[in-house]
Structure formats: structure tokens, C-alpha cells
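Peer 1: Got a predicted model here, sequence first, then my questions.
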Amino acid sequence: MDATEQFLKEITDAAGVPGYEGPVRSALRRALSGLAADIEEDGLGSLIARLPGTSERPRIMLAGHMDEVGFMVRYITEGGFIRFMPLGGWWDQVLLAQQVVIKTHKGDVVGQIGAKPPHLLKEEERNKVVEKDAMYIDVGATSRQEVEEIGVRVGDPIIPRSEFTILGNGRTYLAKAWDDRVGCALIVEVFRALAGQPHPNTIYGVGTVQEEVGLRGARTSAFAVAPDVGIVLEVGLTGDLPDMKPEECAVRLGAGPVLLAYDGAMIPNLRLRDLVMDVARELGIPLQIDVMQRGATDGGPIHVNARGVPSVVLGVPARHIHSHQGIISRDDYDATARLVVELVLRLDARQVAELAP
Ligand SMILES: [Zn+2]
């Protein structure tokens with residue numbers, strides 16, 4: 001594993017469901033200390049790292065959310081099974097038989113998601129999708145007391161059990177939480193590239209909290225930073241899967257960064273959008289333009305901060321997000337990092353003044 005792969009492993013293996021981002025925050029802080037001039041946290045726990053350039057303004061906010069989709073312990077049954085509730089969006093079909101880790105005050109507890117066994121279901125029940133509410137986590141216990149003794153309490157966070165893996169071709173990576181640890185990792189790449197190099201602005205790298213439950217950390221951290229430009233670093237959904245038509249989603253793995261022309265909470269600043277396209281063309285980086293009709297990003301609260309902030313969302317294509325693991329391509333990752341670095345280098349006071357709609 002090279003240094004990038006090692007950091008991607010560290011940051012995706014870290015546990016961080018909404019409201020419980022501590023381990024991710026620590027990993028991000030470690031990676032940015034020594035590069036940033038200072039690192040602070042806002043009142044909700046978003047991490048704000050500052051990289052000064054040759055001018056205090058414009059302030060460029062790079063945002064990646066630290067939280068991942070997961071669950072929380074809701075109830076422990078008398079028989080020793082754990083009922084859970086989702087934190088973030090989960091599709092019932094990706095849950096059954098998966099392994100999870102419950103983070104308790106006594107340490108990690110591993111379990112498996114289960115439901116009534118198919119052998120005991122009636123014919124008509126067997127063909128129906130089992131809903132989350134009918135599932136439970138089995139930690140191998142036989143009573144509520146036993147579950148409590150190993151440390152499980154109502155409210156404990158639960159994460160998918162899944163480990164960073166380099167796939168067969170060596171250029172694609174499987175891991176949990178690409179959404180949005182890939183954005184957190186890109187912030188580190190930009191800081192590495194630009195620390196000690198003159199850039200005509202001040203960069204704020206922000207690991208936001210609680211995105212998956214309503215874009216909450218982006219709101220408070222944007223208030224704290226008061227940015228002049230917002231660049232949200234995210235994943236982009238792909239449609240390069242069997243039985244999908246390009247018109248449903250034309251984004252392909254390995255075909256370059258995704259620029260969102262629309263998300264459910266934001267229409268990007270058009271001049272900034274065009275600048276991204278110009279820079280990509282200039283550098284010979286392929287760019288995939290997509291619209292996200294459902295769902296929103298941290299761009300929502302950032303672009304409506306204060307008097308309004310020109311903002312854009314850039315994504316690394318990722319397959320199978322919001323499940324136990326997804327897949328990204330190293331080529332897309334490197335190209336996105338390069339595009340963001342070159343974009344930031346061009347965002348001086350004159351260029352930012354010209355972004356006014
Ligand atoms: Zn996301």
C-alpha cells in the first residue's frame with residue numbers, strides 16, 4: 001500500500017456515524033496537523049483547518065462530511081436481540097446477514113443482522129422484502145442481561161463491519177463510508193499539495209458532522225468560517241451497472257470527477273461551475289456532469305450562509321454507496337484532487353469578485 005492507500009484505509013475504517021464522529025475527527029486532525037496553520041472545532045464538532053496563503057481573503061471552504069450512514073441501538077429484547085434504528089438513509093435490501101460493530105462503553109461488540117429464517121416463513125411471506133423494523137442484531141447472546149453485561153446500551157452507535165480492500169486490478173478500492181471519507185481525504189490531498197506553496201487566498205478544510213441526518217455540521221461550520229467560496233467534496237453516484245440505462249445516470253467509474261449541476265438543496269453558482277469546466281478542459285481532466293434529483297449535499301447550507309456563497313459540488317464516482325461497502329477508482333480520486341488544487345490556485349480576489357451572478 002502506498003501512502004495514499006494507507007490513509008484511505010485509516011479514514012474509511014474509522015467509525016463515525018452522525019453525532020459520533022470522534023475517531024474520524026482524530027484521523028483527520030492527525031493528517032492535517034503539520035500542514036494547517038491552526039485547527040479548531042465548532043460547537044457541534046466539525047473540524048476546521050486553516051491554510052493561509054498570500055491573502056486573508058477570499059476564504060475558500062473545502063467541505064467533506066466525516067459522518068457515515070449507520071444505526072443506533074433502539075431496544076434490547078428479553079431474549080437478547082437488539083432492535084436498531086437507522087442514522088441516515090438505508091435500503092432494507094442491503095441489510096440482512098451483514099455484520100455490524102456496536103461501539104459500547106466497554107468496547108466493540110460484533111453482531112449479525114438477522115430476521116425470521118426463510119425455512120419458517122409462509123410461501124407468500126418468503127417473496128416479500130423484509131423491512132428493517134422486522135430485523136434485529138444478533139450478538140450471540142441469549143438474554144437481555146447478557147447483552148447489557150457486554151456493555152450494550154440504548155443509544156449506542158452501530159457501524160457496518162467492513163475493511164478497506166484493494167481490488168484485483170490494483171486501481172479500485174472497496175471500503176465502507178466512501179460517502180464521505182473520500183471528501184475528507186481530498187481535503188488532506190489539497191493541503192499536502194498547497195502547504196508551503198503560494199496561493200492567493202486562505203483555504204479552510206472542514207470535516208463536517210451530521211450531514212447524513214440533515215446537513216447540520218455544514219450550517220454551523222459555514223457560520224464559523226464565513227467563506228467567500230464553497231467547494232463541497234463528495235461521492236458521485238454511478239450508473240455503469242447492469243440493467244441501468246445511461247439516461248438514468250450516465251456517470252461511470254474511472255471516467256473522471258463528477259460536477260453536480262443540481263442537487264436537492266443547491267443550484268451551483270454558474271460562473272464557478274463554468275470555471276470548473278474551463279480548468280478541467282485546460283488540464284485535460286475528463287469531467288462528468290450530473291444532476292442529483294433526490295438527496296442533498298452540504299452545499300445546501302453553505303451556499304445560503306450569510307449573504308450567500310458561490311458554491312459547487314465535486315464528487316468522486318462511487319458504486320454501491322449507503323451500503324456496507326462501495327467501490328471507487330484511484331484514477332478518479334487523483335484526478336479530482338488535481339482539479340481541486342488547480343481550481344483553488346485560480347481563486348484570487350479578482351476571480352472571486354467575477355463570480356457574482
Ligand atoms: Zn455524502
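Peer 2: Looks like it arrived, so ask away.

Peer 1: Now do the phi/psi pair for the residue in the stretch 201-350 of the chain positioned nearest to the ion.
Peer 2: The ion sits closest to residue 234 of the stretch 201-350 of the chain, with a gap of 5.1 Å, by CB to the ion. Quick note: C-beta positions are derived from backbone N, CA and C, even for glycine. When read as degrees, to the nearest 10, the backbone of residue 234 gives phi -140, psi -170.

Peer 1: what sits opposite it in the beta ladder?
Peer 2: residue 315 (DSSP bridges).

Peer 1: Count the residues that sit near it.
Peer 2: By the criterion of other CB atoms under 10 Å, residue 234 has 29 neighbours.

Peer 1: do residue 287 as well
Peer 2: Other residues close to residue 287 by other CB under 10 Å number 19.

Peer 1: so what's it closest to, chain neighbours aside?
Peer 2: Spatially, and ignoring its direct neighbours in sequence, residue 287 is nearest to residue 280 (4.2 Å; CB to CB, 6 or more residues apart in numbering).

Peer 1: quick revisit: what pLDDT does the residue of the stretch 201-350 of the chain closest to the ion get?
Peer 2: Here, the pLDDT recorded for residue 234 equals 98.

Peer 1: For it, give me its contacts.
Peer 2: 64, 179-180, 182-183, 260, 297-298, 313-316 (CB atoms under 8 Å, 6 or more residues apart in numbering).

Peer 1: Repeat the analysis, applying 10 Å as the threshold.
Peer 2: 63-65, 178-180, 182-183, 186, 211, 258, 260, 263, 292, 297-299, 313-316, 318, 321, 336 (CB atoms under 10 Å, 6 or more residues apart in numbering).

Peer 1: These in helices, which ones?
Peer 2: Counted as lying in helices by DSSP state H, out of the contacts of residue 234, are 178-180, 182-183, 186, 299, 336.

Peer 1: Keep only those of these that are also close to the ion.
Peer 2: 179-180 (CB under 5 Å from the ion).

Peer 1: need the helices for the stretch 1-150 of the chain, in chain order.
Peer 2: Using DSSP state H, counting those that start in this stretch, the helices found in the stretch 1-150 of the chain span residues 3-13, 22-32, 123-126, 144-149.

Peer 1: Report how many residues lie close to the residue nearest to residue 287.
Peer 2: 22.

Peer 1: does it sit in a helix or strand, and which one?
Peer 2: Using DSSP states H and E, residue 280 sits in helix 270-283.

Peer 1: Show me what the mean pLDDT comes to for that helix.
Peer 2: pLDDT averaged over helix 270-283 gives 98.

Peer 1: May I have that helix as CSV, with CA atoms only?
Peer 2: What follows is helix 270-283 as a C-alpha-only set of coordinates in CSV (Å, rounded to 0.1, in the frame of the first residue of the first chain):
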residue,chain,number,x,y,z
LEU,A,270,-23.0,29.2,-12.7
ARG,A,271,-19.7,31.1,-13.1
LEU,A,272,-18.0,28.8,-10.6
ARG,A,273,-19.5,25.8,-12.4
ASP,A,274,-18.1,27.2,-15.7
LEU,A,275,-14.7,27.9,-14.1
VAL,A,276,-14.5,24.2,-13.0
MET,A,277,-15.3,23.1,-16.6
ASP,A,278,-12.6,25.5,-18.0
VAL,A,279,-9.9,24.3,-15.6
ALA,A,280,-10.7,20.7,-16.3
ARG,A,281,-10.5,21.3,-20.0
GLU,A,282,-7.2,23.1,-19.7
LEU,A,283,-5.7,20.3,-17.6
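
Peer 1: The ones in helices among the contacts of residue 234: which two are farthest apart?
Peer 2: Greatest spacing in the ones in helices among the contacts of residue 234, by CB to CB: 178 and 299 (18.0 Å).
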